[in-house]
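Asker: Provided below are the primary sequence and the corresponding predicted coordinates.
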Amino acid sequence: MSTYAIGDIQGCYQDLQNLLQLIKFNPNQDSLWFAGDLVNRGPKSLQVLRFIKSLNERAIVVLGNHDIHLLAVAENNLQYLKPQDTLGSILSAYDREELLHWLRNRPLLHHDSTLGFTMIHAGLPPQWDLQQARQYANEVEQALSGTQYKDYLENVYGNKPKKWSEKLEGWERLRFITNCFTRLRYCNADGKLALKKKDNPLLEANEDKDQAWFLWSHRATREHNIVFGHWSTLGYYADNGVYALDTGCLWGGSLTALRLEDKQVFSLPCVGACNPNDFA
């Protein structure tokens, strides 16, 4: 019985199947953790959603920015739809509502005290400890699964506020929390988000400027093992208590799984770079 955490799939269904064959995934015994961004930009987002949903309790999923984007577009927030998005097959599927309802009820954070791992999609500001992170994730999860989820999805886009305060309320509070869990890469020492920075960081602590969220020496979650995706230019990274699993499958890199019981890494080159324009 093994547990594998897998990085961003983004609709690359065949690459996922190839990776599961490599790790000899047994759906009767093993479990899969998916670090978000199941869909979009790749060719087979619908097949990915159907497959992972069919795994039932054997699959644990946290939401990524592309997953929330799908939910928002499905609620007619079409101003945010981009030419390179490949969500049409899901939006026109006969089981669309069933899939979207399932996705809307996935968490932003998953913690397993037995395995000693926590999974998110993107990042955490240095001031949040694990208990706070779980509480704030739950606030967004309640908004997404509740009766006002359409209002949440109308208000989730945007880069502000950039800095956390317990005094934040309403959509600003939920937007900041969402941006941390699904978009954060860089921040400063005070936790001010730098959401437009996406490059591969020099992985050396620099207290004088923005740096990768996990490098801050005062990070309150530093004693925890955290797996995440979202950062394809970073690639696989294992240090400072974090395990980055987005290895750029969509862009012709690889798809990576981490077996949590012994931290063994499995990685498989992807079939080829997906060109989103081919799958409009």
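Answerer: Yes, it's here. Numbering: from 1, shown residues only.
Asker: isn't there a strand covering Val39?
Answerer: No: Val39 is assigned coil when assessed by DSSP: H, G, I helix; E, B strand; the rest coil, not a strand.
Asker: Could you tell me the model confidence score at it?
Answerer: We have a pLDDT of 98 for Val39.
Asker: what's the nearest residue to it if we skip its chain neighbours?
Answerer: In space, and not counting its chain neighbours, Val39 is closest to Ser45: 3.8 Å by Cβ to Cβ, 6 or more residues apart in numbering. In this view, the C-beta of every residue, glycine as well, is placed from N, C-alpha and C.
Asker: so who does that neighbour touch?
Answerer: Shown in contact with Ser45 (Cβ atoms under 8 Å, 6 or more residues apart in numbering): Gln10, Gly11, Leu38, Val39, Leu70, Thr86, Leu87, Ser89, Ile90.
Asker: Try it again at 7 Å.
Answerer: The contact partners of Ser45, by Cβ atoms under 7 Å, 6 or more residues apart in numbering, come to Gly11, Val39, Thr86, Leu87, Ser89, Ile90.
Asker: cool, and Gly158?
Answerer: Arg175.
Asker: any idea how far Arg96 is from the residue nearest to Val39?
Answerer: 12 Å (Cβ to Cβ, to the nearest Å).
Asker: Ok, Phe266 next?
Answerer: Distance, Phe266 to Arg96, by Cβ to Cβ: 32 Å.
Asker: ok, now Lys53?
Answerer: Lys53 sits at a distance of 12 Å from Arg96 (criterion: Cβ to Cβ).
Asker: repeat for Leu49
Answerer: Taken as Cβ to Cβ, the span from Leu49 to Arg96 is 10 Å.
Asker: what is in contact with these two at once?
Answerer: Ile90.
Asker: which of the two has more neighbours?
Answerer: More crowded of Leu49 and Arg96, by other Cβ atoms under 10 Å: Leu49, with 28 against 15.
Asker: In this structure the more buried one contacts Gly42, no?
Answerer: No: taking contacts as Cβ atoms under 7 Å, Leu49 lies outside contact range of Gly42: 11.7 Å.
Asker: what is in contact with the two at once?
Answerer: By Cβ under 7 Å, 6+ apart, Leu49 and Gly42 have no common neighbours.
Asker: got a list of what Asn155 touches?
Answerer: By Cβ under 7 Å, 6+ apart, the contact set of Asn155 is Trp171, Arg175.
Asker: Toward the C-terminus, what is the element adjacent to the helix or strand bottoming out on mean pLDDT in the chain?
Answerer: Among the helices and strands of the chain, strand 211-212 carries the lowest confidence by mean pLDDT, DSSP states H and E, at a mean of 92. Using DSSP states H and E, the next helix or strand after strand 211-212 towards the C-terminus is strand 225-228.
Asker: Distance from that next one to the middle of the chain?
Answerer: Strand 225-228 sits 11 Å away from the centroid of its parent chain (Cα atoms, centre = their mean, to the nearest Å).
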